[in-house]
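Peer 1: One predicted model, sequence on top.
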Amino acid sequence: PDQPNGVPVIDNPDPNDVNLSSKVAQYTKPANSETWAGTVIGLDEPIDFSTKRYIQIDVWSPAAGIPVLLKIENAANTDINVETSVNTTVSEEWETLTFDMTAVDPSQVYDNLVLFFNFGTPGTGETYYFDNIRTTKL
């Protein structure tokens, strides 16, 4: 599969009304991985938080109630970061998760996006898909 920014991009395994994209990103949390295992996406441009302070991501999870932690950080200084968690509400279908990033300091540069699926739990080899990452107003 294609791997822009180190994330495998595959054919959408389960298109629905939430996500009809032909290609999506895939993340498999390795079996017996650390509870904080995740994937880092280096962005071509910093996130612009001047008017929109929320991030929405279309997510496909094998189960409902899975915590998805989103962390945005400064690639040069990862101590500059904001993170928030949202739980999935459906299993084996696409849904849009909204992450509250109002704690950002808009004067800082946030050019890494880090996703942790099932944060706090060791991996079992389960696979997640994500797509359509965008900033929004609530």
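Peer 2: Now that the structure is in, tell me what you want to look at. None of the values given here were measured: they were computed from a predicted structure.
Peer 1: does the residue most central in space within the chain belong to a helix or a strand, and which?
Peer 2: By CA atoms, centre = their mean, the chain has its centre lying nearest to Leu115, at 4.1 Å. For Leu115, the element it lies in under DSSP states H and E is strand 112-117.
Peer 1: what's the answer for Asp48, then?
Peer 2: Under DSSP H and E, no helix or strand contains Asp48.
Peer 1: In space, what's closest to Leu97 - neighbours in sequence excluded?
Peer 2: Leaving aside its chain neighbours, Leu97 sits nearest to Val86 (4.6 Å; criterion: CB to CB, 6 or more residues apart in numbering). Any C-beta I mention is one placed from the backbone N, CA and C, and that applies to glycine too.
Peer 1: the strands in this protein, which residues?
Peer 2: Along the chain, the stretches classed as strands by DSSP state E are 9-11, 23-28, 39-42, 54-60, 67-73, 81-87, 94-100, 112-117, 127-136.
Peer 1: Columns distance to Asp48 and mean pLDDT on top of these, output as JSON lines?
Peer 2: Below are the strands of the chain laid out as JSON lines (distance: least, CB to CB, whole Å; pLDDT from 0 to 100):
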{"stretch": "strand 9-11", "distance to Asp48": "24", "mean pLDDT": "96"}
{"stretch": "strand 23-28", "distance to Asp48": "21", "mean pLDDT": "96"}
{"stretch": "strand 39-42", "distance to Asp48": "16", "mean pLDDT": "92"}
{"stretch": "strand 54-60", "distance to Asp48": "11", "mean pLDDT": "98"}
{"stretch": "strand 67-73", "distance to Asp48": "12", "mean pLDDT": "98"}
{"stretch": "strand 81-87", "distance to Asp48": "14", "mean pLDDT": "98"}
{"stretch": "strand 94-100", "distance to Asp48": "16", "mean pLDDT": "98"}
{"stretch": "strand 112-117", "distance to Asp48": "13", "mean pLDDT": "96"}
{"stretch": "strand 127-136", "distance to Asp48": "7", "mean pLDDT": "96"}
